[in-house]
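1. next one to model:
(2 chains)
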Amino acid sequence: MPIEVSSLCHSYKKSTPFEKKVLHDINLSIKDGEFVGIIGPTQSGKTTLAQHFNALIIPQQGRVIINNCDTADKKADLVKLRHDVGYVFQNPDYQLFAPTVGEDIAFGPKNQNLTGDEIECRVLEVMEQVGLDYATFLRRDIFALSGGQKRRAAIAGVLACRPQILILDDITAGLDPRGREEILGVIRKLHREQKITIIYISNSMDEVAELAERIVVIDHGRIAFDGTTRDVFSQSEQLYSIGLELPEVMIIADKLRALGYHLPPAILNLEEALDSIAAALQEGRVAD
Amino acid sequence: MELTKNITLGVYLPGKTLIHRLDPRTKIIAAAFLITLLLFIRSYEAYGIFLLFTAMVILSAGIPVSFALCGLKPMLPVLALMWVFQLFLYSTPGAEVLFSWWIFTATDTGLHMGNLITLRVLFLFIVTTILTLTTSIVSLTDGLENLLKPLRKIGLPSQELVMTMVIALRFVLILAEELDKIVKAQMARGVAFDRGNFLQKTRKLFPVFLPLFINAFKRAEELIVAMEARSYTGGKGRTKMKTLHMGRVDLAAGFIMLLFSALIIYIIISIKPQI
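-> Modelled structure (predicted):
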């Protein structure tokens, strides 16, 4: 299910005194199986753009076409579209409402009018995918969950609709390191094993550098950069100028290079960094 | 889908017009005065003058008319229902029957009653909207608190009351924004709010209102902690950073209000009421 966005504009609170233009002439296309990171300063329009992808926002100007279906088309089946394009919100509290984890996860499939057996099957499947033990958590009270477990339950609730595209809107915010690692592991696995297209919105450069293959940088409602992760993060000065930083591993690598160590360009994740730093240390300073 | 777009009550529209610069106490008293006058108006002529006056205030405060009116949109069904009720259920002996249908009879007094009551609610809304659109929350609180101060002597916790009211007003917008997000989160899981019969539609509200209420309680608790963390212990002994001053503009506004009230009272007395 490819996504095609052309000359998309959006204004918040249109035709009121508080009107604010949040998206200007966005052109973007996302192919099947991509892992796209969307980054940008707060209020840059990341969420607004992403909510167009599953027709939570209908374009005011421009077009969004998902799998040959124009979301502005009155005859488009938006309910089906929203099942195909899952959206996980930043705050799981907006989504979770049923008394138990199992019931909440079953909510999406129920809206698809599936039979009881099928629903049960899917609940089991997605709980396994996100790492919530079926026996322990099926009847667990939603309010007895920790922050990380809530996020996982929320992701499971969206996965249960079997989306082909998954939009994750800053889902690691406020999680402890362990909870974050677990969630990232789940996402990595989903992308690798199920070949789901993932659109990952985040404020953490480390996460997108580690996960995404392609990065779209949004600044003031415009696409500032769109390219492979390596290309985008090699434009460090421009990124700094719009208020973004480099991933920590790149900052460390830069400092080591400044000290005279020889390191390969654009190191993106911890493993790469560890290997190349170890190699560089063995080799010693270039200057020596 | 933008629920917050149509909310004008409790929203402040920053500006530098004369109306904005009035002392909040002047505006509160004026609004209270206008509301009291509304309760006595029983003729279309008086409403006409009232409309003229409020239109003048809206224009001189630089509020876009379309924005002032869009806040009314969500109220329209309620107003319509009220009008229908009055039309069919209110009548006085000897009233002229306009038409009847099944067991319902519409009379001319019912029609007038419906019209006038609807107008009254409409204007109540407009007056309060003008007040909140042109007065920031902070000055609204200061003004109200100042006005209610004398009542402290008889044991009314004025500061606490005003604080509660202001928080409630503030929460209207916060909850609307939150509702927006929750509705989207559930739509993302395939809830079609516009499909199904009445019962099915009602059942679809559970996934929305449950998280909304739970989050509202959570927010309230967090707010309490945040206030206590800044040593809020109630109104006793609190002082103000800005003290209120009434100036010449306020005097002029008071004078205009007096003239207008005199006119309205004259109309109320001299013109035979429609009901």
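2. low-confidence regions, chain B specifically.
-> Within chain B, the set of residues satisfying pLDDT under 70 comprises B:1-6, B:8-10, B:274-275.
3. apologies, that question was intended for the stretch 101-250 of chain A.
-> If you take pLDDT under 70 as the line, the stretch 101-250 of chain A has no such spans.
4. in it, which residue sits nearest chain B?
-> residue A:111 (3.6 Å; CB to the nearest CB). In short, each C-beta sits where N, CA and C put it, glycine included.
5. what's the closest non-adjacent residue to that residue?
-> Closest residue in space to residue A:111, ignoring its immediate chain neighbours: residue B:190 at 3.6 Å, by CB to CB, 6 or more residues apart in numbering or on different chains.
6. now swap in residue B:136 and tell me
-> Counting by CB to CB, 6+ apart, the residue nearest residue B:136 is residue B:12, at 4.9 Å.
7. number of nearby residues for the one you found?
-> 15 (other CB atoms under 10 Å in any protein chain shown).
8. sorry, back to before: check contacts around the residue nearest to residue A:111.
-> A:79, A:82-83, A:108, A:111-112, A:161 (CB atoms under 8 Å, 6 or more residues apart in numbering or on different chains).
9. quick one: the strands in chain B?
-> Ranges of strands in chain B, per DSSP state E, are B:97-101, B:104-107.
10. what lines up beside the longest one in the sheet?
-> Okay, so that is strand B:97-101. With DSSP bridges as the test, strand B:97-101 is paired with strand B:104-107 (antiparallel).
11. list the buried residues in the partner strand.
-> Under the neighbour-count criterion of 16 or more other CB atoms under 10 Å in any protein chain shown, strand B:104-107 has B:105-107 buried.
12. about what we covered before: who wins on neighbours among the contacts of residue B:190?
-> Within the contacts of residue B:190, most neighbours by other CB under 10 Å means residue A:108, with 30 neighbours.
13. can I assume that one sits in a helix?
-> Yes - according to DSSP: H, G, I helix; E, B strand; the rest coil, residue A:108 belongs to a helix.
14. surely it touches residue B:186?
-> No - in this structure, residue A:108 is not within contact of residue B:186 by CB atoms under 8 Å, at 9.4 Å.
15. flag every residue of the stretch 51-200 of chain B that's near chain A.
-> B:63-64, B:66-67, B:70, B:178, B:181-182, B:184-192, B:195 (CB under 8 Å from any CB of the partner chain).
16. in helices, which of those residues fall?
-> Judged by DSSP state H, helices contain the following of those: B:66-67, B:70, B:178, B:181-182, B:184-187.
17. narrow the residues you listed to just the buried residues.
-> By 16+ other CB under 10 Å, those give B:67, B:70, B:178, B:181-182, B:184-187 as buried.
18. show me which of those residues is closest to residue A:75.
-> residue B:187 (18.2 Å; CB to CB).
19. for chain A, what is the nearest residue in the stretch 101-250 of chain B?
-> residue B:190 (3.6 Å).
20. closest to residue A:57 out of the ones in helices among the residues of the stretch 51-200 of chain B next to chain A?
-> Distances from residue A:57 to these, taken by CB to CB, are shortest for residue B:184, at 8.5 Å.
21. was I right about the closest one contacting residue A:48?
-> No - assessed by CB under 8 Å, residue B:184 is found out of contact with residue A:48, at 11.4 Å.
22. so can I have a markdown table of the contacts of residue B:190 showing distance to residue A:199?
-> Formatted as a markdown table, those follow (distance: CB to CB, whole Å):
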| residue | distance to residue A:199 |
| --- | --- |
| A:79 | 20 |
| A:82 | 14 |
| A:83 | 16 |
| A:108 | 18 |
| A:111 | 22 |
| A:112 | 22 |
| A:161 | 16 |
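23. okay, and which of those residues map to helices?
-> Using DSSP H, these in helices are A:79, A:82-83, A:108, A:111.
24. now, the most widely separated pair of these?
-> Among these, A:79 and A:108 lie farthest apart (CB to CB), at 11.0 Å.
25. the strands in the stretch 51-200 of chain A, which residues?
-> With strands called from DSSP state E, counting those that start in this stretch, the stretch 51-200 of chain A shows them at A:61-66, A:69-70, A:85-88, A:165-169, A:197-201.
26. any idea which of those is most buried?
-> strand A:85-88 (a mean of 26; mean count of other CB atoms under 10 Å in any protein chain shown).
27. before we move on, the earlier item: so how far is residue A:22 from the residue of the stretch 101-250 of chain B closest to chain A?
-> 26 Å (CB to CB, to the nearest Å).
28. how about residue B:191?
-> Following CB to CB, the distance that separates residue B:191 from residue A:22 is 25 Å.
29. hmm, back to that, which residues touch the residue of the stretch 101-250 of chain A closest to chain B?
-> A:79, A:83, A:161, B:189-192.
30. for the nearest residue to residue B:20 once chain neighbours are set aside, which residues are in contact?
-> Leaving aside its sequence neighbours, residue B:20 sits nearest to residue B:134 (CB to CB, 6+ apart; 5.1 Å). Residue B:134 makes contact with B:12-13, B:15, B:17, B:19-20, B:22, B:27, B:61, B:63 under the criterion CB under 8 Å, 6+ apart.
31. buried ones among those?
-> Of the contacts of residue B:134, these count as buried by 16+ other CB under 10 Å: B:13, B:19-20, B:22, B:27, B:61, B:63.
32. a markdown table for those residues, including distance to residue B:237?
-> Listed next are the buried ones among the contacts of residue B:134 as a markdown table, based on distance: CB to CB, whole Å:
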| residue | distance to residue B:237 |
| --- | --- |
| B:13 | 34 |
| B:19 | 33 |
| B:20 | 31 |
| B:22 | 29 |
| B:27 | 27 |
| B:61 | 36 |
| B:63 | 38 |
